[in-house]
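[1] Got a sequence here, can you build the structure:
(one chain, ligands or ions: 1)
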Amino acid sequence: MATLYLASGSPRRRELLAQIGVPHITLIASIDESALPGETANAYVERLAREKALAGLATLAEAGDACVLGADTAVVLDGRILGKPTDRDDALAMLAALSGREHEVLTAVALAAGGRCETRVVASWVRFREIARSELDAYWASGEPADKAGSYAIQGLGAVFVSRVEGSYSAVVGLPLLETAEMLAGFGIPCWQHLG
Ligand SMILES: Cc1cn([C@H]2C[C@H](O)[C@@H](COP(=O)(O)OP(=O)(O)OP(=O)(O)O)O2)c(=O)[nH]c1=O
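    Below is the predicted model of the structure:
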């Protein structure tokens with residue numbers, strides 16, 4: 001069986017892969033996350049996931065039978081990509097824009113091995129209730145928004161803002177587990193390995 005590497009610094013992605021019983025080794029592969037001029041959100045997350053997987057593969061001295069997984073998540077509102085906030089003002093502006101509205105969450109997964117690289121993009125929709133100004137300040141002070149796309153975490157304190165989710169909950173957190181399991185199977189890597 002191929003050895004799976006996860007090209008990600010995200011603790012959420014490590015936990016999600018572990019949740020479905022897929023052993024892996026974490027790699028750190030840094031890439032430039034800026035969007036290209038005119039690039040759609042869909043094309044953006046797919047490109048970043050692919051670049052993370054390929055950059056991860058390139059760090060391995062001996063690629064052998066290695067398979068590298070890269071992923072990227074973006075929140076999309078009115079066609080605008082909301083990535084991780086640069087600072088407090090940026091986070092509060094994002095959360096105020098998301099307040100009382102529905103937005104799309106796009107997560108792309110890429111698997112690279114040998115000369116092969118496959119990608120999938122999963123779309124989900126999340127609706128927020130109205131958020132009060134005082135809640136925005138308190139939420140920022142919790143530290144949770146700082147490293148999350150769209151400045152919130154559905155799996156954390158941010159859950160109190162979420163009135164509705166349609167699509168893949170695990171994709172919103174950072175890795176669509178159904179689609180990831182299907183893709184891994186195509187590379188000969190099964191899930192539930194902890195069951196023997
Ligand atoms: C919307 C949302 C995002 N997120 C997180 C998932 C990702 O870690 C992050 C989006 O940023 P990404 O750039 O996709 O990922 P990352 O920089 O954290 O990790 P890496 O590129 O090394 O894989 O936001 C949540 O944890 N919960 C949520 O509800």
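
[2] alpha carbons only for contacts and neighbour counts from here, please
    OK.

[3] Beta-bridge partners for the nearest residue to Thr73 once chain neighbours are set aside, please?
    Distances taken as CA to CA, 6 or more residues apart in numbering put Thr107 closest to Thr73, at 4.3 Å, once the chain neighbours are dropped. When assigned by DSSP bridges, Thr107 has beta-bridge partners Thr73, Val122.

[4] can you tell me how far Thr107 sits from the ligand?
    Distance, Thr107 to the ligand, by CA to the nearest ligand atom, to the nearest Å: 7 Å.

[5] Chain neighbours aside, what residue packs nearest to Ala41?
    Ile81 (6.2 Å).

[6] residue boundaries of the strands in this protein?
    Listed in chain order, the strands of the chain (DSSP state E) span 3-7, 25-27, 66-77, 80-82, 102-113, 116-128, 162-166.

[7] my guess is Leu98 meets Phe128, correct?
    Yes: judged on CA atoms under 8 Å, Leu98 makes contact with Phe128 at a distance of 6.6 Å.

[8] which of the two has more neighbours?
    Leu98 (23 against 20; other CA atoms under 10 Å).

[9] quick one: the more buried one from the ligand, how far?
    Counting by CA to the nearest ligand atom - Leu98 and the ligand are separated by 11 Å.

[10] Would you mind measuring from that residue to Tyr152?
    To Tyr152, Leu98 is 10 Å away according to CA to CA, to the nearest Å.

[11] So the longest helix seen in the chain, near the ligand or not?
    Scanning the chain for the helix with the most residues, using DSSP state H, yields helix 41-59. No: Helix 41-59 lies apart from the ligand when judged by CA under 6 Å from any ligand atom; the minimum separation is 7.2 Å.
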